[in-house]
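Engineer: below are the sequence and a predicted model; questions follow.
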Amino acid sequence: MNTEWSLDVLYKGFDDPKFQEDFKKVDEVCAAVNAFAAGLPGGDAKENLLTYIKLSEQMSEMVYTMAAYANLRQSVNTSDSESMAYMGQLMAKAAGTTKASTIAKKYVASLENLDELIESDPLLKEYEFMLNQLKEDDKYTLSDQAEEVIAKFNISGGGGWSDLQSYLTSTVQAEYRGDKIPLSAVRNLAYDEDVQARKDAYEAELACYDKIKDSVAFALNNIKLQVINAAQMRGFASPLEETLYNSRLQKSTLDALMESIQEYLPLFHRYMKAKAEYLGYENGLPWYELFAPVGKSDGQKFTIEEARNYLVDLFSGFDQDMADMIARAFDEAWIDFYPREGKVGGAFCAGLPQQKQSRILTNFDGSFSDVDTLAHELGHAYHNLNIEDHRVLNSDYTMPVAETASTFNENVVMSAAVEGATEPEARFALLESQLMEVNQIICDIYSRYLFETAVFARRAGEFMFADELCRMMADAQKKAYGDGLDQSINHPYMWVCKSHYYSTGSSFYNFPYAFGGLFARGLYAKYKEEGAAFVPKYREMLHATPVTSCEGAAKIAGIDLTKKEFWQMSLKSYEKEINEYIQLARQLKK
């Protein structure tokens, strides 16, 4: 079984004749887009709409496929200069149509009989949501020239700063016990069985960030200022308002979510304090113990083949289509498993809609946690599976719902594991694994949300150097983790390593994890209640996500996201596990 993914379904290399042919065709399509826009508003409205759709589809298919290939190559080798060069050229080509695209979108928004035109053609009807969204988007769209300038300058501006952060964090070497190892590898040691290894790795990680903190601080400051300025120019009151608009999420939903989390933070602090006491700490958990394994599992280290069989068997009981997809992902080299120098840390899933496949990156070391991570990323792939019959311009879903299927999968994996455990030590270890992850999407995500909110609030008027950013991060962690964390041993550099802060197009990529986790928890409760009858409803909801709001998708499953009651129910549902965990921690402590 391959341990590295294959991208041959896209291209076999930049010298692949197919890539070179497509690369040249982009110029032709760009020229056609620009020529079309130059002729507006003349011509028949319906024919103009159809031409706009077809040109947009061609542009999206070609550029996305080539950009996906370059990005995926670079994610496993951030020093791949060829990928960076082609990505820059593709961005420049696409930016060359920004003015034309803005003209075309404004033309669509200006059509007074848009509803009538949509009803007159099946292709336009298929794009009804998108076309109506363009009409709404027009309120926040700048002039064609201004949008073109922003797109072009983003290549060397925010995009360049983002590349710098990615490059620095993926190539910096940590000095761990006399050896130099990649940052991703030293971060994985946070899960090591040995407390001294965890502590040494934590100290090596912080020392690693100290080498690059000033450069990354400049990247963060400049990206956030660009986002603030662009949001203001477009008429948004703040980057958060822009994020909510782009997420198709109501502010009332975010408020209900965050207020509920704040109310239930003490519940998760109880879990951390119980873990700290079990490990022998009196003042809460030191940061390097947040992921410390406790209890006694069977000690199994999964091979790739064992992980495959475990997940296929488990999800066969939920949906055979998902089980079949998981088998394909392993068997057809969709997954890049192991950490190596130059490869980015963490894990992600990238959809390839034209190929009806996905690609998954992990830094797998064989632990049960890594199997759970695979299930999470395969949940994203399952989401992609359920929208693959949409046309290409209807294939994007928003940030909050993006984490729903992935976290639902985690619920399936962890609940099955806990239910099957009978020995106290094994049950304790599994509860720890589950609650550790939940604690991340509650306390850690809340701290990230507080931090990014504070950064945006201050960046409009001042530059924040690395030490100040560290203080702000420590303050956010204090508020979120409370007395569950030993505040003298926190992680002030968390802003350096989290790539989510370093995007001009996706601000506040933190609350979607909490949204997805708690939304999935509620959906899983419905599955446990309804059984197999729930699955078609769940798939229908996932299918709807690219063409409706978050609240609209949730209604398909009978959920009102604007009410705190739903979020409180999801949070309260962890009380049983936490109480059992505390009881076992006291019982098993030696």
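Structural biologist: Looks like it arrived, so ask away. Residues are numbered from 1 along each chain as shown.
Engineer: helix, strand or coil for C349?
Structural biologist: Three-state assignment for C349 (DSSP: H, G, I helix; E, B strand; the rest coil): strand.
Engineer: count of neighbours near it?
Structural biologist: If you count neighbours by other C-beta atoms under 10 Å, C349 ends up with 24. Every residue, glycine included, has its C-beta placed from N, CA and C.
Engineer: now do the longest helix along the chain: which elements does it pack against?
Structural biologist: Scanning the chain for the helix with the most residues, using DSSP state H, yields helix 195-234. Contact partners of helix 195-234 among helices and strands, from 3 or more C-beta pairs under 8 Å, 6 or more residues apart in numbering; DSSP states H and E: helix 144-156, helix 158-171, strand 173-176, helix 183-188, helix 239-247, helix 445-459, helix 466-481, helix 494-497.
Engineer: quick one, which of those gets closest to A347.
Structural biologist: A347 lies closest, by C-beta to C-beta, to one member of the helices and strands packed on helix 195-234: helix 183-188, at 10.2 Å.
Engineer: quick one, the longest helix of the chain and helix 144-156 angle?
Structural biologist: Angle of helix 195-234 versus helix 144-156, following axes from the mean of the first three to the mean of the last three C-alpha atoms, to 10 degrees, is 160 degrees.
Engineer: quick one, strands of the protein?
Structural biologist: Assignment of strands within the chain using DSSP state E yields the ranges 173-176, 179-182, 335-336, 348-352, 357-361.
Engineer: wait, which of those is closest to Y64?
Structural biologist: So among the strands of the chain, strand 348-352 is nearest, using C-beta to C-beta, at 8.8 Å.
Engineer: mind listing what's buried along the closest one?
Structural biologist: For strand 348-352, the buried set under the neighbour-count rule, 16 or more other C-beta atoms under 10 Å, comprises 349-352.
Engineer: same list (the strands of the chain) but as CSV, adding mean pLDDT.
Structural biologist: Formatted as CSV, these follow (pLDDT from 0 to 100):
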stretch, mean pLDDT
strand 173-176, 94
strand 179-182, 92
strand 335-336, 98
strand 348-352, 96
strand 357-361, 98
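Engineer: can you list the weak-confidence ranges in the stretch 151-300 of the chain?
Structural biologist: 298-299 (pLDDT under 70).
Engineer: list the residues that contact K12.
Structural biologist: Contacts were defined as C-beta atoms under 8 Å, 6 or more residues apart in numbering; by that measure K12 touches K18.
Engineer: same thing with I304?
Structural biologist: Counting by C-beta under 8 Å, 6+ apart, the residues that I304 touches are 1, 3, 330, 337, 364.
Engineer: over to L267?
Structural biologist: Contact analysis of L267 by C-beta under 8 Å, 6+ apart lists 571, 574-575, 578.
Engineer: most neighbours of all those, which one?
Structural biologist: Neighbour counts for those (other C-beta under 10 Å) peak at L571, which has 25 neighbours.
Engineer: read off the pLDDT value for K590.
Structural biologist: Looking at K590, its pLDDT stands at 64.
Engineer: what about the closest residue to L469 other than its chain neighbours, neighbour count?
Structural biologist: Sequence neighbours aside, W495 is the residue nearest to L469 in space, at 5.4 Å (criterion: C-beta to C-beta, 6 or more residues apart in numbering). Applying other C-beta under 10 Å, we find 25 residues neighbouring W495.
Engineer: wait, what's in contact with W495?
Structural biologist: Per C-beta under 8 Å, 6+ apart, neighbours of W495: 216, 220, 451, 469-470, 472-473, 501.
Engineer: reformat these as TSV; add neighbour count and distance to Y202.
Structural biologist: Output for the contacts of W495, formatted as TSV (neighbours: other C-beta atoms under 10 Å; distance: C-beta to C-beta, whole Å):
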residue	neighbour count	distance to Y202
V216	24	19
L220	22	22
F451	24	19
L469	25	19
C470	23	15
M472	19	20
M473	24	15
Y501	26	21
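Engineer: ok, the residues you listed vs T243, which is closest?
Structural biologist: Proximity of these to T243 (C-beta to C-beta) peaks at Y501, which lies at 12.8 Å.
Engineer: state the distance from the closest one to V216.
Structural biologist: Per C-beta to C-beta, to the nearest Å, Y501 is found 9 Å from V216.
Engineer: repeat for F364
Structural biologist: Taking C-beta to C-beta, one finds F364 at 26 Å from V216.
Engineer: ditto for D22
Structural biologist: Separation of D22 from V216 (C-beta to C-beta): 35 Å.
Engineer: and L393, by the same measure?
Structural biologist: Using C-beta to C-beta, L393 is found at 35 Å from V216.
Engineer: for V294, same thing?
Structural biologist: According to C-beta to C-beta, V294 and V216 sit 33 Å apart.
Engineer: please parse this protein into its domains.
Structural biologist: Here the domain parsing of the chain from automatic domain parsing is 17-144, 163-297+421-578.
Engineer: tell me which of these is the most buried.
Structural biologist: Among those, domain 163-297+421-578 has the highest mean neighbour count (mean count of other C-beta atoms under 10 Å), at a mean of 19.
Engineer: start and end of that one, how far apart?
Structural biologist: Start-to-end span of domain 163-297+421-578 (C-alpha to C-alpha, to the nearest Å) is 40 Å.
Engineer: ok now that domain, how far from the chain's centre?
Structural biologist: Here the centre of domain 163-297+421-578 is set off from its chain's centre by 11 Å, with C-alpha atoms, centre = their mean, to the nearest Å.
Engineer: quick one, which of the contacts of I304 are buried?
Structural biologist: Neighbour counting with 16+ other C-beta under 10 Å marks 330, 337, 364 as buried within these.
Engineer: any stretches of the stretch 1-150 of the chain with poor pLDDT?
Structural biologist: Residues of the stretch 1-150 of the chain meeting the criterion pLDDT under 70: none.
Engineer: try 90
Structural biologist: Applying pLDDT under 90 to the stretch 1-150 of the chain flags residues 1, 95, 98-99, 141-149.
Engineer: that one: helices as residue ranges?
Structural biologist: Taking DSSP state H, counting those that start in this stretch as the criterion, the stretch 1-150 of the chain contains helices spanning 17-38, 45-75, 81-95, 98-110, 114-119, 122-126, 128-137, 144-156.
Engineer: report all helices and strands that the fifth one contacts.
Structural biologist: It refers to helix 114-119. Under the contact rule (3+ C-beta pairs under 8 Å, 6+ apart), helix 114-119 is packed against helix 45-75, helix 122-126, helix 128-137.
Engineer: residues in contact with the second one?
Structural biologist: I take that to be helix 122-126. With C-beta under 8 Å, 6+ apart, helix 122-126 has contacts from 46, 49-50, 53, 117-119, 131, 391, 394.
Engineer: go on, the last one?
Structural biologist: Residues from elsewhere that reach helix 128-137 (C-beta under 8 Å, 6+ apart): 49, 105, 108-109, 114, 118, 124, 393-394, 547-548.
Engineer: ok, those residues vs L518, which is closest?
Structural biologist: Nearest to L518 among the contacts of helix 128-137 is T548, at 19.6 Å by C-beta to C-beta.
Engineer: from A70, how far out is Q300?
Structural biologist: Going from Q300 to A70 by C-beta to C-beta gives 38 Å.
Engineer: right, I mislabeled it, should have said Y382
Structural biologist: Y382 sits 26 Å away from A70, going by C-beta to C-beta.
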